Structures are given as C-alpha cells and as structure tokens.
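> Pasted the sequence and its predicted model underneath.
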Amino acid sequence: MLRMESVGSHGEMRPFNNLLRVLNERDYGLIAAELFAADHTAGEVLYNPGDNVDVVHFPCGTSMMSFVVGGEDGREVETVLIGREGAVGGIVSQGHLPAYTRVMVKFGGGFVCLRMEDLEAAKEKSPALRAIFARYADCLLAQIFQSTACNAIHPIEQRVAKWMVAAAERTGGEVVPFTHEAIAAMLGAGRSHTTRVLQDFKARGLVETRRGSVLIHDLDGLRRMSCPCNELVKSHFEDVLRGVYPRA
C-alpha cells in the first residue's frame with residue numbers, strides 16, 4: 001500500500017517521496033493528476049540497457065532501487081542506491097532516452113510513477129519545476145562520481161559499512177535487504193571477501209546476518225567504520241536540494 005503524508009500548512013496529502021514533497025503547491029499540481037501508484041518487488045527489473053525510458057519511478061517510504069552495470073566477464077556491479085530522496089527515469093533529458101544500465105528494485109514496496117511525456121509537459125509550464133529536477137540530476141551525478149572514487153580508493157570494510165548505512169538511512173529501519181551475493185555485487189568483489197567482512201562486523205557487534213537481510217545493531221558504529229563518502233554526498237544534497245536526502 002502506498003504511504004501518503006501531509007505536507008505544508010494546508011495538510012495536503014502527497015506520496016512519501018522527498019523529491020515530490022519539496023515541490024511547491026503549484027508545481028506539484030502540474031503533475032499530481034498524472035501520478036499513478038505501483039508496487040514492485042525486490043529483484044524486479046524496471047529497465048534493461050537499451051530500453052526506452054518512458055516512465056519516471058519515484059520510490060516511496062522504504063522502497064529502493066539501484067543502477068547495475070554489467071561487465072565483460074558477466075559480473076554486475078551496483079553503482080548507487082536510489083531511495084525516497086529521488087527518482088529513476090529521464091529526469092533532465094527529452095525525447096527518446098535509452099537506458100544505459102539495468103535499473104533494479106533493491107527493496108520492494110510502493111512507488112509513484114509518471115510518464116515522461118507528462119513530466120516534460122509540466123516542465124515546459126514551470127521553470128522552477130524544471131530546475132528542481134535538474135538539481136536532483138546534479139545530486140545523482142555527485143553520487144555516481146563519489147561511488148567511482150570510493151571503489152578505487154577505499155578498502156572493502158569501509159565500503160560495506162557505507163552501503164549498509166546508506167540503505168538504513170533510506171529505509172529508516174534496522175533491517176536492510178542485503179544478501180552476501182548482493183553485497184558482493186555492490187562492491188564488485190568475491191563472496192569470500194564479503195563473508196569475511198560480515199563475520200568481522202558480527203564479531204564487533206555491529207550487525208547480525210539473517211536469511212536475505214542484515215539486522216543492524218549499531219548504526220553509529222557502522223558510520224564510524226564507513227568511509228566519508230555518504231557524508232560528502234549528503235553535504236552536496238544539502239547544498240543543492242536541502243531536506244531531500246533521507247535521515248535515519
């Protein structure tokens with residue numbers, strides 16, 4: 001079921017997506033009638049490389065998506081997580097837009113969707129609306145830049161902690177939907193490496209592994225273990241789109 005929250009002094013009900021919640025009343029009104037709800041399950045593919053991106057997907061509540069890039073050896077690496085702070089789809093581009101990566105649902109739940117043609121029509125009517133989505137695209141690009149640097153310079157322990165903290169902040173809960181295989185895919189590493197890291201985290205009392213998920217016991221401890229990448233991305237969000245990045 002899609003979660004709705006009141007916004008503003010008039011108590012207007014909107015989907016629990018931070019990007020939609022920061023729109024002013026007029027700009028939200030330009031797209032409100034065209035939004036439609038959808039439920040997606042974990043592992044569902046929304047776009048494959050080359051697919052035409054004709055719908056924008058806004059994760060709501062605890063729902064999350066990820067961009068997955070395939071390699072020549074058949075392995076896939078996840079680049080960024082997208083939660084209620086944003087959206088996936090043709091945020092700034094117009095017309096035909098083929099997907100470059102695979103877009104997968106990381107944590108299932110409620111989504112709000114908007115056809116690209118309806119978003120483009122609304123942006124034509126409102127420069128402010130167009131600017132919001134352009135600024136979000138800038139924040140998303142910052143995430144990708146930071147993820148690229150992180151994979152090159154930070155050890156695996158810091159990167160595992162970073163992903164867990166990022167997921168916990170987006171879901172707002174103690175349980176994050178990570179399997180050993182999923183963590184390995186995020187890092188582009190072998191399962192044995194991630195198993196070793198998770199065993200170390202368990203020994204430190206930071207997490208507890210469950211079937212298909214990880215229970216976080218000490219989020220602050222994971223933050224201390226993590227590289228600074230999440231905080232750098234948060235800082236950029238605050239400079240460009242204040243109040244949009246999820247807090248735990």
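Yep, that arrived. Treat the numbers as computed from the prediction; the structure is a model and nothing was measured.
> From now on I want contacts and neighbour counts done on CA atoms only, so please keep to that.
OK.
> Point out where the chain drops to low pLDDT.
1-11, 74, 92-96, 188-190, 248 (pLDDT under 70).
> burial of the closest residue to Gly71 other than its chain neighbours, as a residue count?
Nearest non-adjacent residue to Gly71, counting by C-alpha to C-alpha, 6 or more residues apart in numbering: Val77, 7.8 Å away. The tally of other residues near Val77 (other C-alpha atoms under 10 Å) stands at 20.
> now the one 3 residues further on
A total of 21 residues lie near Val80 under the criterion other C-alpha under 10 Å.
> quick one: which helix or strand includes it?
Using DSSP states H and E, Val80 sits within strand 76-82.
> Now do the helices in this structure.
Secondary structure of the chain, counting by DSSP state H: helices at 18-21, 25-32, 116-125, 127-153, 156-171, 180-187, 191-203, 219-225, 229-240.
> I'd like the ones you listed as TSV, with distance to Met104 appended.
Converted to TSV, the helices of the chain look like this (distance: least, C-alpha to C-alpha, whole Å):
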stretch	distance to Met104
helix 18-21	20
helix 25-32	25
helix 116-125	19
helix 127-153	16
helix 156-171	15
helix 180-187	12
helix 191-203	20
helix 219-225	25
helix 229-240	21
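> of all those helices, which lies closest to Gly70?
helix 180-187 (10.1 Å; C-alpha to C-alpha).
> before we move on, the earlier item: so who does the residue nearest to Gly71 touch?
Val77 makes contacts with 68-71, 185-188, as judged by C-alpha atoms under 8 Å, 6 or more residues apart in numbering.
> In PyMOL, select just the buried ones from those residues.
To isolate the buried ones among these in PyMOL, judged by 16 or more other C-alpha atoms under 10 Å, type:
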select buried, resi 68+69+185+186+187+188
